[in-house]
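1. how would this look folded up:
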Amino acid sequence: EKQVAVSPNKSSKSIQFAAHHKSALAPVTEAAVVSLLVICSQMLDSKETTALGMELLLLLNQIDDTPSSLISEQLVHGILFLVQEHSSNITSEDAWNVILNLTNRGVKKLCTTFAGLKILTIIITDTNCKCLSLSNIQTISTMVLRFALTLKESLLCLRCVDLLYILHKRLVDILIDQDPDTPATATSPDSKNHSQGTSEVVQRQQTEFIWKRCWQPILNTMCNLCLKVPGRHREYALHVFQQLLLSSKLPGGSSSYFPKPKEEPKSRQRDQDVHAADGGGSDGSGGYDGHVRVFWQSCMDHVVIPFVKRLAKQNSQDQVRQRALNLMVKIFLQRLPAILKGKDFHVTLVNVINTIQQYIVLGKGKTLGEMAVEALKNLILVMSSTGVFSPEQNPTGKELCDLVWAHIEPVLPGFRETLFPTDKVQIVNATQPAAAADIGAAAGATATTATSAST
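-> As a prediction, this is how the structure comes out:
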C-alpha cells in the first residue's frame, strides 16, 4: 500500500497493462480497484496524506469498467463510500471531476444506478460537501436528468425532481458566499480579464455567466423532466417547477443573492432616470434592476415559453396543459415591472400571446380552450389596468397596444369589443393610474381567479 501511494506512476502502468487484457484480467482489475479505493480512503483520513489520496483518486478515472459489471459496482460503491466519509476533505476540483465522471458511469447499469443516485444526493444536499461550484452546476443538472430518466418508472424519479429544487437553493448559497463583501455578484472565470472595464460592464458579464452556466441548465433540466417523465409523475414535476419559479431566492425575491439596494435619495434617483433615458452609455442590464430584468426576460424567452409550447405538442393531459399555461401567464405578469423596461419586451409579449392562442386553437370546444381565452383576458386586463398601454404612463404604450391587437384580432375577432365595449378605438386605461410595482399584486389576483376556474 505504501509503495502504491508513494509511486502512483507505477499504479498507472499496471492499469494500462490490465487494459490490454480486458477479459482475462477482469478479476485482477476488480481487485486493483478495491485496493486503490481502500488506500485512497486511508490517505484521506489524514491531512498530511490528503494530497496523495486525491492523486490516487485520479488514477481510478483511467480504469476501464466495460469487461465486467463487478468492476463498475466496485468503482461506484467505492466512490459512494469515499463521498460519505470524506466529502469535506476532498477539496481538489480535479478530484471532484473524477468523482462526477465515475458517478455518471453508474447511470449506465442498473446495478450501479442506486449507488450513483446516493452519491448525487450527498453532493447536492450535504452543505459540508465541497463539490458544488459555479463551474459544475451544469454537469450536475445533466446528471440529475439522466438518473431521473433511467428511474422514470420508479418513485425515485420524484427524488430527482426534489434534488433539482434543492440544487437551486445551494446555488444561491454559493453565489452569496462567492464574495462576502458584495454578495450580489459572482465571478466568472473570465472576469479577471475584464478588470479594466467599467463595473457595470463586468457586472453585466457576470449576470450573463450566471444565467448561461447555472440558472438556465437547472431550469431547462426541470422543463425536460416535466416533459419526459411518465404522466403519473408529470403533475408533481410541474408542481415543483412552479415552486422553483416562484421561489423567493430567485432574482427580485426577498431572499435573493442579489438583494434590492437601499432606496436612493430622490434627487439622485431623478438623475439616474434622466441618465437612463438619455442612453446612459449602457443597455440597462447593469445594477439591480438590470440583473433582475436579464434573468426574467431570459427565463421567459428561453425556458418558460418554449416549455409551454412543447407541452402543447405532446400527448399530455389537458389539466397539465392548463396549469402550465396559467403558470406562464402568472410569471409574466408578476415580473412585468422588470421585463417591461427591456428593449425586446415586445418580442416576449408577442410570444406569450401566440402561445396562448396556440392553446385556444388546440382546446377549441373544450375546457382547455375556455381556460386559454380566460388567461388571455386576464393578461390584457392586468396590462391595461396598470398603464402598460397608456402613452401617458409608458412611452411605447400606443405601439404595444396596436401590436397586441394586431396579433389577437385574426384569431379572436371581436375580442377587443368584448373586453372594452365602451371604447372601440383604443384600450381603456385605468381611471386611477397604477404604479408599475402594483402589477405583481394585480397579477396574483387574476392568476388566483384563473387557477380557481381551472380547478
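2. CA atoms for contacts and neighbours, from now on please.
-> OK.
3. Per-residue confidence, the closest residue to L156 other than its chain neighbours, what does it come out as?
-> The shortest distance from L156 to any non-neighbouring residue, by CA to CA, 6 or more residues apart in numbering, is to A148 (7.5 Å). As predicted, A148 sits at a pLDDT of 95.
4. dump the residue contacts of A148.
-> 156-158, 160-161, 225, 229 (CA atoms under 8 Å, 6 or more residues apart in numbering).
5. change it to 10 Å
-> Counting by CA atoms under 10 Å, 6 or more residues apart in numbering, A148 touches 107, 117, 142, 154-161, 225, 228-229.
6. could I get those as a markdown table with neighbour count and pLDDT?
-> Formatted as a markdown table, the contacts of A148 follow (neighbours: other CA atoms under 10 Å; pLDDT from 0 to 100):
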| residue | neighbour count | pLDDT |
| --- | --- | --- |
| V107 | 24 | 86 |
| L117 | 24 | 95 |
| T142 | 17 | 96 |
| S154 | 13 | 91 |
| L155 | 11 | 91 |
| L156 | 16 | 92 |
| C157 | 22 | 94 |
| L158 | 20 | 94 |
| R159 | 16 | 96 |
| C160 | 27 | 96 |
| V161 | 24 | 96 |
| L225 | 26 | 95 |
| K228 | 16 | 93 |
| V229 | 21 | 91 |
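7. Would you point out the helix or strand in this protein whose mean pLDDT is lowest?
-> Lowest on mean pLDDT, DSSP states H and E among the helices and strands of the chain sits helix 266-277, with a mean of 43.
8. three-state assignment of C131?
-> Per DSSP: H, G, I helix; E, B strand; the rest coil, the local secondary structure of C131 is coil.
9. Surely it touches L100?
-> Yes. Counting by CA atoms under 10 Å, L100 is a contact partner of C131 at 9.1 Å.
10. what about E73, which helix or strand?
-> Element membership for E73 (DSSP states H and E) is helix 69-86.
11. can you map out the strands along the stretch 101-250 of the chain?
-> In the stretch 101-250 of the chain, no strands are found when defined by DSSP state E, counting those that start in this stretch.
12. Quick check: the closest residue in space to G253 that isn't next to it in sequence vs S254, distance?
-> Closest residue to G253 apart from its sequence neighbours, by CA to CA, 6+ apart: S247 at 7.2 Å. Separation of S247 from S254 (CA to CA, to the nearest Å): 9 Å.
13. isn't the residue nearest to G253 right up against I166?
-> No. S247 lies out of contact with I166 (CA under 10 Å); the separation is 11.3 Å.
14. Report the buried residues of stretch 352-369.
-> 352-360, 363, 367-369 (16 or more other CA atoms under 10 Å).
15. Looking at those, which two lie furthest apart in space?
-> V352 and T367 (19.7 Å; CA to CA).
16. Following the chain past the helix or strand containing I356, name the next helix or strand.
-> Here I356 sits within helix 345-362, counting by DSSP H and E. Scanning forward in sequence from helix 345-362 by DSSP H and E, the next helix or strand is helix 367-385.
17. What is that following helix packed up against?
-> Applying 3 or more CA pairs under 10 Å, 6 or more residues apart in numbering; DSSP states H and E, one finds that helix 367-385 contacts helix 318-334, helix 345-362, helix 397-408, helix 415-419, helix 439-454.
18. could you redo the last one with a cut-off of 6 Å?
-> helix 345-362 (3 or more CA pairs under 6 Å, 6 or more residues apart in numbering; DSSP states H and E).
19. can you list the residues that contact the helix it packs on?
-> 369, 372 (CA atoms under 6 Å, 6 or more residues apart in numbering).
20. what pLDDT, on average, does that helix get?
-> Helix 345-362 comes out at a mean pLDDT of 96.
21. Going along the chain from the least confident helix or strand of the chain, find the next helix or strand for me.
-> Criterion used, DSSP H and E; the element after helix 266-277 is helix 287-299.
22. Could you list the low-confidence segments of the stretch 1-150 of the chain?
-> Within the stretch 1-150 of the chain, the segments meeting pLDDT under 70 span 1-25.
23. residue ranges for the helices of it, please.
-> Taking DSSP state H, counting those that start in this stretch, the helices of the stretch 1-150 of the chain run over residues 2-6, 8-19, 26-44, 50-60, 69-86, 93-105, 110-125, 137-150.
24. what would those helices look like in TSV with distance to K330?
-> Formatted as TSV, the helices of the stretch 1-150 of the chain follow (distance: least, CA to CA, whole Å):
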stretch	distance to K330
helix 2-6	58
helix 8-19	56
helix 26-44	50
helix 50-60	48
helix 69-86	41
helix 93-105	36
helix 110-125	29
helix 137-150	26
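25. I'd like to know which of the ones you listed is closest to Q317.
-> Across the helices of the stretch 1-150 of the chain, closest to Q317 is helix 137-150 (CA to CA), at 19.9 Å.
26. quick check: angle from that closest one to helix 93-105?
-> 20 degrees (axes from the mean of the first three to the mean of the last three CA atoms, to 10 degrees).
27. quick check: angle from helix 137-150 to helix 110-125?
-> Going by the same axes, to 10 degrees, helix 137-150 makes 140 degrees with helix 110-125.
28. Using PDB, write out every CA atom in helix 137-150.
-> Output of helix 137-150 as PDB, limited to C-alpha atoms (Å, rounded to 0.1, in the frame of the first residue of the first chain):
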ATOM      1  CA  ILE A 137     -23.700  23.200 -11.800                       C
ATOM      2  CA  GLN A 138     -24.500  22.400 -15.500                       C
ATOM      3  CA  THR A 139     -22.800  19.000 -15.300                       C
ATOM      4  CA  ILE A 140     -24.700  18.100 -12.100                       C
ATOM      5  CA  SER A 141     -28.000  19.200 -13.600                       C
ATOM      6  CA  THR A 142     -27.500  17.000 -16.600                       C
ATOM      7  CA  MET A 143     -26.600  14.100 -14.300                       C
ATOM      8  CA  VAL A 144     -29.800  14.500 -12.400                       C
ATOM      9  CA  LEU A 145     -31.800  14.300 -15.600                       C
ATOM     10  CA  ARG A 146     -30.000  11.100 -16.700                       C
ATOM     11  CA  PHE A 147     -30.700   9.400 -13.400                       C
ATOM     12  CA  ALA A 148     -34.300  10.600 -13.400                       C
ATOM     13  CA  LEU A 149     -35.000   9.200 -16.900                       C
ATOM     14  CA  THR A 150     -33.200   5.900 -16.000                       C
END
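29. What residues of stretch 299-316 count as buried?
-> Quick answer for stretch 299-316 (16+ other CA under 10 Å): 299-301, 303-309, 311-312.
30. cool, and stretch 85-100?
-> 86-87, 89-91, 93, 95-100.
31. Mind putting those into a markdown table with distance to G290?
-> Putting the buried residues of stretch 85-100 into a markdown table (distance: CA to CA, whole Å) gives the following:
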| residue | distance to G290 |
| --- | --- |
| H86 | 41 |
| S87 | 37 |
| N89 | 39 |
| I90 | 37 |
| T91 | 35 |
| E93 | 32 |
| A95 | 37 |
| W96 | 34 |
| N97 | 34 |
| V98 | 37 |
| I99 | 37 |
| L100 | 35 |
